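Student: Next come a sequence and a model predicted from it.
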Amino acid sequence: MSNSPVRLGVLISGSGSNLQAIIDNCETGIIPAQVAVVISSRGDAYGLERAKNHKVPAIHIAREEFLDDAAYNHAILEKLQEYGVELVIMAGYMRLLGKEILDAYHNRVMNIHPALLPSFAGAHGIKDALDYGVKVTGVTVHFANEVYDEGPIILQEAVPIQEGDTEDTLAERIHALEHVIYPKAIKLYCEGKLKIEGKKVRITVSDTEHFIDQQI
Ligand code: GAR
């Protein structure tokens, strides 16, 4: 891997707090990467403002403007390629990523989910875990595949559910953890420390290689 910063393309649909954490970690040099472009499926996503505040190109691509999903995904792929994106980061992007993009960026698309996958996949991971009554939930960062919230897991961390937790109080702790764990996973990728073997992701730390290590 070269020494120049890895070019990230971040896909969002909403607030973009994970995008902000990633931009901040790039700007301080903690992650050897730069956000080359932000693409949102929604025009009113606050994440677009966050990108503009940091002089990052911010683009809204609306599904309604295309005949079908394939054409929509092609338009996204074209933008990613135009900006020389090397790693695609789904950060609250609430659509299934198309095969067109997954093929072009094979094993180079990451996603974050606010639960311990494979539990509570979908758009309401925090609420679903709380409603189910589990005692522990958490955060997962994984490589994306053609199934929503599925693919080889890079990092996971647990968040205990406390007596009296509401969706808001739990979301606050989950989001705080997301803002640490996602930059950590991206950093590992940029440093060439992630190796996918089937469904598993090996993480290389110094000269030892082992499965998921949370103490990096
Ligand atoms: C995050 O909590 C992320 O884990 C979740 O959307 C939120 C986006 O927040 N993604 C999913 O639920 C994917 N299934 P953000 O826009 O503030 O980063």
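Tutor: Arrived safely, thanks for sending.
Student: Tell me the buried residues in the longest helix belonging to the chain?
Tutor: Longest helix in the chain, counting residues (DSSP state H): helix 167-190. Buried residues in helix 167-190, counting neighbours by 16 or more other CB atoms under 10 Å, are found at 170-171, 173-175, 177-179, 181-190. Any C-beta I mention is one placed from the backbone N, CA and C, and that applies to glycine too.
Student: give me the subset of these touching the ligand.
Tutor: 175, 178 (CB under 6 Å from any ligand atom).
Student: Is Ala123 in a helix, a strand, or coil?
Tutor: coil (DSSP: H, G, I helix; E, B strand; the rest coil).
Student: so what's the closest residue to it other than its chain neighbours up against?
Tutor: Spatially, and ignoring its direct neighbours in sequence, Ala123 is nearest to Met94 (5.9 Å; CB to CB, 6 or more residues apart in numbering). Contacts for Met94 (CB atoms under 8 Å, 6 or more residues apart in numbering) come out as 13-14, 41, 123.
Student: Would you mind listing which of those residues are buried?
Tutor: 13-14, 41.
Student: could I get those as CSV with pLDDT?
Tutor: Shown next, in CSV, are those (pLDDT from 0 to 100):
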residue, pLDDT
Ser13, 97
Gly14, 97
Ser41, 97
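Student: for those residues, which one is nearest Pro114?
Tutor: Closest approach between the buried ones among the contacts of Met94 and Pro114, by CB to CB: Gly14, at 12.4 Å.
Student: Distance from stretch 10-23 to the middle of the chain?
Tutor: Using CA atoms, centre = their mean, to the nearest Å, the distance from the centre of stretch 10-23 to the centre of the chain it belongs to is 9 Å.
Student: Residues contacting stretch 79-88, please?
Tutor: Stretch 79-88 has contacts (CB under 8 Å, 6+ apart) with 6-9, 11, 33, 36-37, 39, 57, 59, 61, 97, 101, 104-105, 108-110, 144, 186, 189-190.
Student: please redo it, this time with the cut-off set to 7 Å
Tutor: With contacts defined as CB atoms under 7 Å, 6 or more residues apart in numbering, stretch 79-88 is touched by 6-9, 11, 36-37, 39, 57, 59, 61, 101, 105, 108-109, 189.
Student: Which members of those residues are positioned in strands?
Tutor: In this view, the contacts of stretch 79-88 that belong to strands under DSSP state E are 6-9, 11, 36-37, 39, 59, 109.
Student: State which one residue of the chain is found closest to the ligand.
Tutor: Distance from the ligand to each residue of the chain (CB to the nearest ligand atom) is smallest for Gly92, at 2.5 Å.
Student: Excluding sequence neighbours, find me the nearest residue to that residue.
Tutor: Leaving aside its sequence neighbours, Gly92 sits nearest to Gly14 (CB to CB, 6+ apart; 5.0 Å).
Student: next one: Ala115
Tutor: Spatially, and ignoring its direct neighbours in sequence, Ala115 is nearest to Gly125 (3.7 Å; CB to CB, 6+ apart).
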